[in-house]
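Trainee: Take a look and give me a structure for this.
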Amino acid sequence: MTLFNPTLRTPEQNAFVPKISKAESATELNLSDFSAFFQASQALSHQEKNNVFRLRHKVYCEELSFEPPRPSGLEHDDDDQRALHCSLADLHSGEIAGTVRLIHCEQDPAPLPIEKYYAGRFTNVHLTPQCFPRENVCEISRLAVAARFRRRLKDASAKDLPTLSSAHQPFNRYIAIGLYLMATAMCLEKGYYHGFVSIEPSLARILQRIGINFTQIGEAIDFNGKRAPYYLDGREVIANLQPEYRQLMQTLNGQLLSKTGQQVVSQQNHSGSDLQWAIA
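Mentor: This next block holds a predicted model:
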């Protein structure tokens, strides 16, 4: 299964990942205020994971019909057993606003989903998962945003457009971006430097605007929309992110670590850590 992402026309692309001008940052939105609305955390307990699976069921099974409904009301698969699960919760209501997972191979070197779906379709043979140590690769997937935190468009082709802002909740539009940043932060924290995603080419271009630079490594396929496989070196994101998004990534990473009680640098056990930005 691929990332939850839209087919976007140009106006909606700008709304999905807006460029923040200096004037806007000073007078309207400041991403440093994002944490006043949302709290990042990692789902560790059985109940926390079920809350994530319940949101995924609402989005993937009930709203988008990408997956068949489950009697349990929980959407999960075998890859969830070797995945890290992150979520953003609305601080006012406590409701989970969005979630994303990170499938890794640290204990289980089995093929990632992207290796199965795109078998024989990789065009850049030097950037496939097989090119890197299994303990350093991961796949970001199952990104979903709760219905009340996104605005639907009348255009049915864009029915799954996530996280457009509303008048009373201007930071809703940054939920999906925050989830990508959280996933990247977890990649770095765990040493899963070589990340892979299956997304629409339009979404890859959108995220490049803020400094998340994907490299397409294979042919696009028709799978819940046109999707292509992409590679991302998480260590490059740190240097390439626009300053306001880099600060947001630091904040979210700090929240994730405070939940798990992990230490940013000690886990890496090397000088000049790729995570030095997180404690700067």
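Trainee: How about Phe38, nearest residue that isn't a chain neighbour?
Mentor: Once flanking residues are discounted, Phe38 sits nearest to Leu88: 4.7 Å by Cβ to Cβ, 6 or more residues apart in numbering. Using the backbone N, CA and C atoms, a C-beta is placed for each residue, glycine as well.
Trainee: And stretch 42-55, how far out from the chain middle?
Mentor: Taking the mean C-alpha point of stretch 42-55 and that of its whole chain, the gap between them comes to 16 Å (Cα atoms, centre = their mean, to the nearest Å).
Trainee: Can you list the neighbours in contact with stretch 47-62?
Mentor: Identification of contacts with stretch 47-62 by Cβ atoms under 8 Å, 6 or more residues apart in numbering yields 1, 4, 41, 43, 66-70, 73-76, 80, 85, 87, 96, 98-99, 101, 142, 144-147.
Trainee: Among those, name the ones in helices.
Mentor: With helices defined by DSSP state H, no entry of the contacts of stretch 47-62 lies inside them.
Trainee: before we move on, back to that, the residue nearest to Phe38 bridge partners, please.
Mentor: Applying DSSP bridges to Leu88 yields these beta-bridge partners: Ala40, Gly98.
Trainee: Surely it and Ile177 touch.
Mentor: No. Taking contacts as Cβ atoms under 8 Å, Leu88 lies outside contact range of Ile177: 10.5 Å.
Trainee: With neighbour numbers in mind, choose between those two.
Mentor: Between Leu88 and Ile177, counted using other Cβ atoms under 10 Å, Leu88 has the larger neighbour count: 27 against 23.
Trainee: can you pull the contacts of the more buried one?
Mentor: Listed by Cβ under 8 Å, 6+ apart, the contact partners of Leu88 are 38-40, 96-99, 175, 178-179, 182.
Trainee: In strands, which of the contacts of stretch 47-62 fall?
Mentor: Those of those mapping onto strands are 41, 85, 87, 96, 98-99, 101, 142, 144-145, per DSSP state E.
Trainee: How is Ala119 assigned, secondary-structure-wise?
Mentor: The local conformation at Ala119, judged by DSSP: H, G, I helix; E, B strand; the rest coil, is coil.
Trainee: Helices of this structure, start to end?
Mentor: Assigned by DSSP H, the helices in the chain fall at 10-16, 22-27, 46-56, 113-117, 175-190, 201-208, 234-240, 243-260.
Trainee: Now the weakest link among these, please, by mean pLDDT.
Mentor: Note on the helices of the chain: helix 10-16 shows the lowest mean pLDDT, a mean of 34.
Trainee: re the thing from before, can you tell me which of the ones in strands among the contacts of stretch 47-62 lies closest to Leu256?
Mentor: Ranked by distance to Leu256 (Cβ to Cβ), these are led by Ser41 at 6.7 Å.
Trainee: That closest one: neighbour count?
Mentor: 19.
Trainee: Next one: Ile206 relative to Asn213, how far apart?
Mentor: With distances taken as Cβ to Cβ, to the nearest Å, Ile206 is found 12 Å from Asn213.
Trainee: Alright, that wraps it up for me.
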